[in-house]
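Colleague: prediction below, plus the sequence it came from.
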Amino acid sequence: MDRRNFLRVSAAWGALTALDWRFFPGIINAKDVYPASRITWISHTQPGSGYDIIPRALAPYWTKYVRELAPGCKGGEMIVKNETAAAGRKAYTTIFRADPDGYTIGGLDISFLTDLVTSKIEFDVTKYTYLARLDSSRKLVVTSKNGFTTWQEALEASKKLPLKIAVGQFGRANHVAGILMKEAINLNAKFIPTKSTAENMSMVIRGDAQVGVASEDSISNLLQAQEVRVLLTYDEDKEYPGAVSLEKMGHKDIGDYAAGQRFAVAPPGLPGEITNLLTESLKKTLADREFQEWSKKSKFSFTPLYGGDALKMAKDYVQFYQGMEPTLRKYLQ
């Protein structure tokens, strides 16, 4: 560059840098409204399980209300990504270590507690940003339509040989519920882990397992089709004539803490304004009439707790399961 052109460029740059940029806020403060892109829900379960169905059902409504509450945003679409490696621990870790920018959220249920007490999780699960406790999945023990006619019949069979119980993923919510029941009533049983609720129930229907532990909402279609029969409930049994209840057997705590509490969480340190936006849009989603009709039909009973109340419940469950550590280690190690 010759001297003349160099001086021209230098003069232009000097004039540019001398401008008072306070008069051009649209240039220097240009910032996309959150959310500027899609929001990914990390699911720790297989497609088709209860905690995979929920975010997929929430997604279109949640997207709608996020966009309503964030006018001008260019994103907000909710998508679900399944991360089932290491029995779901990869999902929990991915959420915990994600940037707290509101673009990664996910599910957490009581199954994380088994990893906590067996030292497979190396972070404090109470440090997540708890958006909500979404629902509590009711646990049932079921048999096939050609299986036992009563729980007493199943007990009689267990006196001869261990009762074969399908429990879904090893160390996860249904397996833990089975462990708590077995210990509470001193049941002679053998657990058969599977990869998913679908595989769990297939074993029961085929007769490979005599009974199975499952969440009511995850098998609502099989209950309606009468492909499986309820033998035992963990809480009240009034909806299933002929079934017995752990609660009425004097084991109310087992019923309470075996229930699959399902949380919506985000990484630690999520800014308050983003937390509030996600929470408010979730509240609107759960109050949506069309969504409520779906949840009733699908037997998902949402009883949400938000923010601090959800965190308080998580801490209570952590305390209970830490007290159950010797029992869990006996089955899970």
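Modeller: Right, received. Where do you want to start?

Colleague: switch to C-alpha atoms for all contacts and neighbour counts from now on
Modeller: Noted.

Colleague: surely residue 203 meets residue 166?
Modeller: Yes. The criterion here is C-alpha atoms under 8 Å, and residue 203 meets it with residue 166 at 7.0 Å.

Colleague: now do the shared contacts for those two.
Modeller: Here residue 203 and residue 166 have residue 209 as joint contacts, going by C-alpha atoms under 8 Å, 6 or more residues apart in numbering.

Colleague: more neighbours, those two?
Modeller: residue 166 (30 against 21; other C-alpha atoms under 10 Å).

Colleague: backbone dihedrals for that one, both of them.
Modeller: Main-chain dihedrals, residue 166, degrees, to the nearest 10: phi -80, psi 130.

Colleague: what residues does it make contact with?
Modeller: Residue 166 sits next to 191-194, 200-201, 203-204, 209-213 when contact means C-alpha under 8 Å, 6+ apart.

Colleague: what about these, which are in strands?
Modeller: 191, 192, 211, 212, 213 (DSSP state E).

Colleague: where do the domain boundaries of this protein fall?
Modeller: 39-137+261-332, 139-257 (automatic domain parsing).

Colleague: please dump the ones you listed into a markdown table; it should also carry mean pLDDT and distance to residue 32 for every row.
Modeller: Below are the domains of the chain laid out as a markdown table (pLDDT from 0 to 100; distance: least, C-alpha to C-alpha, whole Å):
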| stretch | mean pLDDT | distance to residue 32 |
| --- | --- | --- |
| domain 39-137+261-332 | 91 | 7 |
| domain 139-257 | 92 | 39 |
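
Colleague: using CSV, please lay out those together with distance to residue 33.
Modeller: Below are these laid out as CSV (distance: least, C-alpha to C-alpha, whole Å):
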stretch, distance to residue 33
domain 39-137+261-332, 5
domain 139-257, 37
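
Colleague: residue 131 reaches residue 277, doesn't it?
Modeller: No. Residue 131 lies out of contact with residue 277 (C-alpha under 8 Å); the separation is 10.2 Å.

Colleague: how much space between residue 293 and residue 299?
Modeller: Noted for residue 293: a distance of 10 Å to residue 299, by C-alpha to C-alpha, to the nearest Å.

Colleague: the two: who's more crowded?
Modeller: Shown here are residue 293 and residue 299; by other C-alpha under 10 Å, residue 299 has more neighbours (17 against 11).

Colleague: how about stretch 97-104 as CSV, C-alpha atoms only?
Modeller: The C-alpha coordinates for stretch 97-104 follow below in CSV (Å, rounded to 0.1, in the frame of the first residue of the first chain):
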residue,chain,number,x,y,z
ARG,A,97,-22.1,-30.6,32.7
ALA,A,98,-23.9,-28.7,29.9
ASP,A,99,-23.6,-24.9,29.6
PRO,A,100,-26.3,-23.2,31.8
ASP,A,101,-27.7,-21.4,28.8
GLY,A,102,-31.2,-22.9,28.7
TYR,A,103,-30.6,-25.1,25.6
THR,A,104,-30.0,-28.4,27.4
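
Colleague: pull out the buried residues from it.
Modeller: Neighbour counts over stretch 97-104 (16 or more other C-alpha atoms under 10 Å) mark 100, 101, 102, 103, 104 as buried.

Colleague: nearest residue to the middle of this protein?
Modeller: When C-alpha atoms, centre = their mean is applied to the chain, the residue found nearest the centroid is residue 107 (3.5 Å).

Colleague: just the element for that one, please.
Modeller: Here residue 107 sits within strand 104-109, counting by DSSP states H and E.

Colleague: direction included, what does that strand pair up with?
Modeller: Strand 104-109 has the following strand partners under DSSP bridges: strand 39-43 (parallel), strand 260-266 (antiparallel).

Colleague: strands of this protein, start to end?
Modeller: Under the criterion DSSP E, the chain carries strands at the ranges 39-43, 78-82, 104-109, 129-137, 139-144, 163-166, 189-192, 211-215, 228-233, 244-245, 260-266, 302-306.
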